[in-house]
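Asker: here is a sequence together with a model predicted from it:
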Amino acid sequence: MPELPISLPQLLSAIAALLLVFVSGGVIYLSTVEWRDRRRRKALEAKRRS
């Protein structure tokens, strides 16, 4: 069996780091979308009251 250029622990840690970045990016994106939507809804509600 040919030797891999990186070891299994290195490969697993790289995959874990990529997943961490992907999940963190998703959380930041969803939080931003929710924050913008909440601002939009508050503005619409204030406009309806006035």
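Answerer: Perfect, thanks for sending it.
Asker: for Leu19, see how far away Gly25 is.
Answerer: 11 Å (Cβ to Cβ, to the nearest Å). For every residue, glycine as well, the C-beta is placed using N, CA and C.
Asker: repeat that for Ser13.
Answerer: In this view, Ser13 and Leu19 are 11 Å apart by Cβ to Cβ.
Asker: likewise for Ile28?
Answerer: Taking Cβ to Cβ, one finds Ile28 at 15 Å from Leu19.
Asker: what about the helices in the chain?
Answerer: 8-49 (DSSP state H).
Asker: from the centroid of it, which residue is nearest?
Answerer: Central residue of the chain (Cα atoms, centre = their mean): Gly26, 1.7 Å from the mean position.
Asker: any low-confidence regions in the chain?
Answerer: For the chain, the stretches flagged by pLDDT under 70 are 1.
Asker: just give me how far stretch 12-24 sits from the chain centre.
Answerer: 11 Å (Cα atoms, centre = their mean, to the nearest Å).
Asker: cool, stretch 11-20 as well?
Answerer: From the chain centre to the centre of stretch 11-20 is a distance of 15 Å (Cα atoms, centre = their mean).
Asker: ditto for stretch 23-39
Answerer: Centroid displacement of stretch 23-39 relative to its chain, using Cα atoms, centre = their mean, is 8 Å.
Asker: contacting residues for Gly25?
Answerer: For Gly25, the contact set (Cβ atoms under 8 Å, 6 or more residues apart in numbering) is empty.
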